[in-house]
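Here is a sequence with its predicted model. Questions after.
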Amino acid sequence: MIDQIVIDDPSLVVLIGAAGAGKTTFAARHFAADEVLSSDRYRRLVSGDEANQAATRAAFVRLHRDLEIRLSQGRLTVVDATSVRSAARRALLARATAAGLPVTAIVLDLPAETVLARNAARPARTVDFAVVRHQLAGVRASLDGPAPALHREGFRQVVVLRDPAEVDLVRIRRRPA
């Protein structure tokens, strides 16, 4: 069980996991609100509705712009998005590399039953179960195999949290970079 994650400050932290895995809760518990760039918040900003998937492209244009600004200023930044696809992570890694900052991936690889139950219990909105299952498969694909894709993408470290208790108990320690 992982009890501590050491991250460089400044750096980019990419939270990875399906809808309902607890990324937003994790971010709120460990990082200041102004350090977190949330895809849901950007969807709400551009369309008035955080669930509006049609606003995703515009939301990420703005998120990436703000990410570049923060990283160029040497500010620790957390991206709260599913990031289950390699292409999505590649875009984030490229921006951190351009700013000369390291990147940590924190993967919330919780049991499917847990994620699906949390998604169903969300008070504001639920994500279609087929979409969540597709995201869970994306997490698995990134982590499975003899040479997992996630470990070859350029992250300084990849931390995988697999148990809800582990997610609740882990602490973040910042190390000056």
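Here it is on my side, so go on.

Quick check, Ser39 in contact with Leu63.
Yes - in this structure, Ser39 is within contact of Leu63 by C-beta atoms under 8 Å, at 6.3 Å. Backbone N, C-alpha and C define where each C-beta goes, glycine included.

what does the model give Arg57 for pLDDT?
Note for Arg57: predicted pLDDT of 95.

Buried residues in the helix or strand containing it, which are they?
Using DSSP states H and E, the element containing Arg57 is helix 56-72. Neighbour-count burial for helix 56-72, counted by 16 or more other C-beta atoms under 10 Å, picks out Thr56, Ala59, Phe60, Leu63, His64, Leu67, Glu68, Arg70, Leu71.

tell me the mean pLDDT over the helix or strand where Ile5 lies?
Applying DSSP H and E as the criterion places Ile5 in strand 4-9. For strand 4-9, mean pLDDT is 98.

The helix or strand that comes right after it pairs with which strands, parallel or anti?
Per DSSP H and E, the first helix or strand lying C-terminal to strand 4-9 is strand 12-16. Applying DSSP bridges to the sheet, strand 12-16 is found paired with strand 77-80 (parallel), strand 103-108 (parallel).

Would you mind writing the CA trace of strand 12-16 as CSV?
What follows is strand 12-16 as a C-alpha-only set of coordinates in CSV (Å, rounded to 0.1, in the frame of the first residue of the first chain):
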residue,chain,number,x,y,z
LEU,A,12,2.5,18.9,-13.6
VAL,A,13,0.4,16.2,-11.9
VAL,A,14,-2.0,14.3,-14.3
LEU,A,15,-4.8,12.5,-12.6
ILE,A,16,-6.0,9.5,-14.6
